[in-house]
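Chemist: Model the following, please.
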Amino acid sequence: MWGVDSLSVKWTESGEVIRFTYRVLDTDKAKVLNDKKNEPVLIDPQAGVKLTVPSLEKVGQLRQSSTPEAGKFYWMAFSNKGRPVKRGHHVTVVIGSFKAEGLVVD
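Modeler: Below is the predicted model:
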């Protein structure tokens with residue numbers, strides 16, 4: 001439906017960042033995920049939080065927003081300050097009209 005597969009949510013070593021990755025299959029359908037106008041949100045109902053992708057002064061947002069290419073993996077990093085989202089939690093990632101529910105944090 002969205003032109004992507006291999007969706008993955010990982011808790012980084014420090015736990016301060018949650019990394020969402022996906023592989024593009026259909027570039028037209030996947031454009032919504034890489035569109036800079038769409039603010040990504042990671043929702044964890046168990047922790048009661050909505051995480052956002054931080055924007056650093058000199059780097060910009062911690063996400064890839066180039067034109068998607070079929071077969072390539074893309075990522076974005078959500079700030080998990082205070083570590084409310086834990087391994088094993090079921091989360092939802094929303095990017096514009098894209099919504100992936102029930103992803104397990106690894």
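Chemist: Please enumerate the strands of the protein.
Modeler: 4-11, 17-24, 41-44, 49-52, 55-56, 60-61, 73-79, 90-95, 98-104 (DSSP state E).
Chemist: Least confident of the ones you listed, on average?
Modeler: The minimum mean pLDDT among the strands of the chain belongs to strand 60-61 (a mean of 78).
Chemist: Show which residues not belonging to it make contact with it.
Modeler: Residues outside strand 60-61 that contact it (Cβ atoms under 8 Å, 6 or more residues apart in numbering) are 36, 53, 54, 55, 76. Any C-beta I mention is one placed from the backbone N, CA and C, and that applies to glycine too.
Chemist: Buried subset of the residues you listed as a PyMOL selection?
Modeler: Selection of buried members from the contacts of strand 60-61 for PyMOL, criterion 16 or more other Cβ atoms under 10 Å:
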select buried, resi 53+76
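Chemist: which of the residues in stretch 55-71 are buried?
Modeler: Within stretch 55-71, the residues that qualify as buried by neighbour count (16+ other Cβ under 10 Å) are 61, 62, 63, 68.
Chemist: Name the nearest of those residues relative to residue 43.
Modeler: Nearest to residue 43 among these is residue 63, at 16.6 Å by Cβ to Cβ.
Chemist: from what I can see the closest one touches residue 40, true?
Modeler: Yes. Contact criterion Cβ atoms under 8 Å: residue 63 and residue 40 qualify, at 6.6 Å.
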